[in-house]
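Enquirer: What shape does this take:
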Amino acid sequence: MLLRQYVFNVRVRLEVSDSIPYQFFVFKGYLRAAILLKISDSGMPEQTYWESLFDGDGIVRSFGWEDGQRKKESRVIEFGCGYGTFTNRLAKLFSGRIDAFEIDPIMIEMTRNRIGSLPKVHLHQLDFLDEEWPEESKSADVAVMFHMLHLSEPFELLKRVANHLASGATIAILHWRSDKLTPRGPAMQTRPTRSDIEDWAARLKVKKIKQVDLDHSPHHAAWSLELP
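Expert: Below is the predicted model:
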């Protein structure tokens, strides 16, 4: 498990920047992988700095999930909850079950502390690239994949997600823009481009693909894929 955790963090989390420092430390008797985000000289907390780089509320609104009672009752899977930045917002919006996957136990605790004890939110510490997903998360209506698709084989993860979801479900994708330099983000060549998204959507035989307008998050691009 420790080896998988290390590989996952190198494969995904360290790719948020070519120059992010990486450090191991002991926490509660276990070897943990921690990402030390670069903080400006202002001394802003890591979480505050991270969340200043995009408009979280605006991003959630842009996907149109607030339109209609049926959408609000949807079941959701979030891949990589991190600080709980979007988990918190999803929990306020959706009345259905929410399953959030995250490999880092520290992030799991931070998210839990942030959202409190909500019975509908289920946090799972697991490597969702290699481990089995909880059966109870199957047939969800929405998959939230934010800052995820700079993997070595992104389509394989997308295909697995699509097979796990309900018929007619939506895959929500958000990532750092591939056409301009941004304050954070993985190497430019690893970021999904519009043509990548369109190619993956065609291979998934999606019913509808839509590029989502992000008025107040200029460093990001987003897409919504509606499955058949």
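
Enquirer: use CA for all of it now, contacts and neighbours both
Expert: Fine.

Enquirer: Count the residues that sit near the residue nearest to F146 when sequence neighbours are not counted.
Expert: Spatial nearest neighbour of F146, excluding adjacent residues (Cα to Cα, 6 or more residues apart in numbering): L174 at 4.5 Å. Using other Cα atoms under 10 Å, the number of residues around L174 comes to 19.

Enquirer: again, but for the one 5 residues further on
Expert: Here the count is done by other Cα under 10 Å, and D179 has 14 residues near it.

Enquirer: Distance of the most centrally placed residue in the chain relative to E102?
Expert: Closest residue to the average C-alpha location of the chain: F146 at 3.2 Å, with Cα atoms, centre = their mean. Per Cα to Cα, to the nearest Å, F146 is found 12 Å from E102.

Enquirer: which residues are in contact with both of these two?
Expert: Shared contacts of F146 and E102 (Cα atoms under 8 Å, 6 or more residues apart in numbering): F79, G80.

Enquirer: List the contacts of the closest residue to W176 other than its chain neighbours.
Expert: Distances taken as Cα to Cα, 6+ apart put H220 closest to W176, at 4.4 Å, once the chain neighbours are dropped. Taking Cα under 8 Å, 6+ apart as the criterion, H220 is in contact with F54, L174, H175, W176, R177, L214.

Enquirer: E66 now?
Expert: Counted by Cα under 8 Å, 6+ apart, E66 has contacts K72, L93.

Enquirer: and A222, helix, strand or coil?
Expert: strand (DSSP: H, G, I helix; E, B strand; the rest coil).

Enquirer: Roughly how far does the closest residue to it other than its chain neighbours sit from E136?
Expert: Using Cα to Cα, 6+ apart and skipping the chain neighbours, the partner closest in space to A222 is L174 (4.4 Å). Going from L174 to E136 by Cα to Cα gives 25 Å.

Enquirer: Which stretches in the protein count as helices?
Expert: 2-11, 46-51, 56-62, 69-72, 85-93, 105-115, 154-164, 194-204 (DSSP state H).

Enquirer: Show me what the third one is packed against.
Expert: Contacts defined by 3 or more Cα pairs under 8 Å, 6 or more residues apart in numbering; DSSP states H and E place helix 56-62 against helix 85-93.

Enquirer: Name the residues of the helix it packs on that come out as buried.
Expert: T85, F86, T87, N88, L90, A91, L93 (16 or more other Cα atoms under 10 Å).

Enquirer: and that helix, what other elements does it pack with?
Expert: helix 56-62, helix 105-115.

Enquirer: Would you mind giving those helices as TSV with distance to W200 added?
Expert: Output for the helices and strands packed on helix 85-93, formatted as TSV (distance: least, Cα to Cα, whole Å):
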stretch	distance to W200
helix 56-62	22
helix 105-115	29
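
Enquirer: Can you check which of the ones you listed gets nearest to T190?
Expert: Comparison of the helices and strands packed on helix 85-93 against T190 by Cα to Cα identifies helix 56-62 as nearest, at 22.1 Å.
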